[in-house]
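**Q** need a structure here:
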Amino acid sequence: MSVRGDPPAVRIRWRIFGFLFAIGWLAYMQQKSITVAAARMMPDLSLSQLQIGWIEQAFVVGYAVFQMPGGLFGQRFGARRTFVFIGLLACFAMLGTAAGPAWLSGRTLFAELLGMQLLLGAAQGAIFPVSAGVFEAWFPSSRWAFVQGLQTMGLQLGAAATPPLVATLMHGFGWQRALVWTTLPAFAVVALWAWYGRGQPREHPAVTPAELAEIGACDPAVPPPRASRVLRMLADRNVLLLAISYLCMNYTFYLLANWVFLYLVQERHFSVLESGWLASGPPLAAAVGAGVGGLLTGLACRRFGERRGYRLVPLLSLPAAGLLLLVAVDSPNAWVAVAVLALCYGLIEINEGAYWGAAMSIGRGDTMAISGFMNTGGNLGGIIGIPIVAYLSGHGAWHAAFLVGTACAIASAVAWFAIDAEASSGSARAAPSQECPLPR
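**A** The predicted structure follows:
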């Protein structure tokens, strides 16, 4: 028999993590389903490949622009309400994308598709900055890189499940119903989070003193930043370098995440259904890479300290990923190209724990805002990269698109030589561990 002070067998923080894992999974399924549906949308709606590129660009613009505002929104209103609000908004955007062709056509339909993807991006912009703030509150700092890597694993598992799932549903029911069926589970997750989820341990009625002691410090009591503090964050050298490095890495990320399916169809001449299954290979490798990377980064930080520990994995993996892009595009064997792209994607995603853990370390107490700014930089890689890849691939120049990815991967690694994850951004930092009150 346990008493009130004993922690449960499955800690509450891991149940909270399970919700964020599911939210990330479903968010990536929503994001990536449009890239698979594009193969049928183009002939059905008379859209060009460049127009599909602009539709995908609309998502990335909304996603990038609302990263830091989403983080500030989360700090102001709390993670519980934020996830409910943005989850429902994202579901509305997905259903609107599927329903648009029922009553619109031509330029009006194209504008509606752009608007729905812009709304989806804006809704999902807060997910990972707010998740980072929840992880900061619920987990000790020694586990930050690990849980970030595990959540990224969930994202990539969702991305891996999307191509075969959406391709199969499209084959049987059409692309519109495929988008609807892949959206419905999100409603259930939002409802369960609204009932059980909390952004801070002290807010949860099931948290025990023992678990609070395991977490370590009290929840950082930091008010939403004023404009002066936000400007101080943005001017910090380490914050800027982290965002620039993440921007460069994310050109390569978006190349692999958004364009592999069409690359396999157009350049490697696989069928749509074959490509749907084969395109799940790189995200599966990315999922493994993210989980392993979070673990390795945590071990490196404990062994070498945060400054060198957070640098180690990116400095080794990013140049290797860049070189593998060239190996994949130059390979005469299509199956070898698929395997190399999978390995390359794994080496890209192995760095997520390092980036997000470093952002949390630099900006304790203001993690949502600073990680949102970093991810704004990351998604600028998509904003810049998507039209480049759309234009080059539309003209059959896939080799040039991959060559740009190689350059970006190497540049992102170089920036890590100057990033110091032990330095404070000047934002408020969490107080030392102390005795915390239980929730009432």
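**Q** Can you tell me what sits against stretch 297-310?
**A** When contacts are defined by Cβ atoms under 8 Å, 6 or more residues apart in numbering, stretch 297-310 is touched by residues 142-146, 149, 312-313, 353-354, 357-358, 361, 416, 419-422. For the C-beta atoms, the positions are set from N, CA and C on the backbone; glycine is no exception.
**Q** among those residues, which ones are buried?
**A** By neighbour count, with 16 or more other Cβ atoms under 10 Å, the contacts of stretch 297-310 hold 143-146, 149, 312-313, 353-354, 357-358, 361, 416, 419-421 as buried.
**Q** Just the pLDDT for the residue nearest to Arg15 when sequence neighbours are not counted.
**A** For Arg15, ignoring the flanking residues on the chain, the nearest one in space by Cβ to Cβ, 6 or more residues apart in numbering is Tyr196 at 7.4 Å. Tyr196 carries a pLDDT value of 96.
**Q** what's the burial count for Tyr196?
**A** 15 (other Cβ atoms under 10 Å).
**Q** And it, how close does it get to Val84?
**A** Distance from Tyr196 to Val84, counting by Cβ to Cβ, to the nearest Å: 12 Å.
**Q** show me where pLDDT drops low in the stretch 101-250 of the chain?
**A** For the stretch 101-250 of the chain, the stretches with pLDDT under 70 are 217-227.
**Q** what's the closest non-adjacent residue to Gly293?
**A** Ile350 (3.3 Å).
**Q** mind listing which of the contacts of stretch 297-310 are in helices?
**A** Using DSSP state H, Trp144, Ala145, Phe146, Gly149, Leu312, Val313, Gly353, Ala354, Gly357, Ala358, Ser361 are the members of those that sit in helices.
**Q** mind saving the C-alpha coords of the host helix or strand of Arg81 as CSV?
**A** Per DSSP states H and E, Arg81 falls inside helix 79-99. Output in CSV follows, covering the C-alpha atoms of helix 79-99 (Å, rounded to 0.1, in the frame of the first residue of the first chain):
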residue,chain,number,x,y,z
ALA,A,79,0.2,24.9,-21.4
ARG,A,80,-3.1,23.4,-20.5
ARG,A,81,-5.3,26.0,-22.2
THR,A,82,-2.8,26.6,-25.0
PHE,A,83,-2.8,23.0,-26.2
VAL,A,84,-6.6,22.8,-26.2
PHE,A,85,-6.9,26.0,-28.2
ILE,A,86,-4.3,25.3,-30.8
GLY,A,87,-5.3,21.6,-31.1
LEU,A,88,-8.9,22.5,-32.1
LEU,A,89,-7.7,25.2,-34.4
ALA,A,90,-5.4,22.7,-36.2
CYS,A,91,-8.2,20.2,-36.6
PHE,A,92,-10.4,23.0,-38.2
ALA,A,93,-7.7,23.8,-40.7
MET,A,94,-7.3,20.2,-41.7
LEU,A,95,-11.0,19.7,-42.2
GLY,A,96,-11.1,23.0,-44.2
THR,A,97,-8.4,21.7,-46.5
ALA,A,98,-10.3,18.6,-47.2
ALA,A,99,-13.7,20.3,-47.7
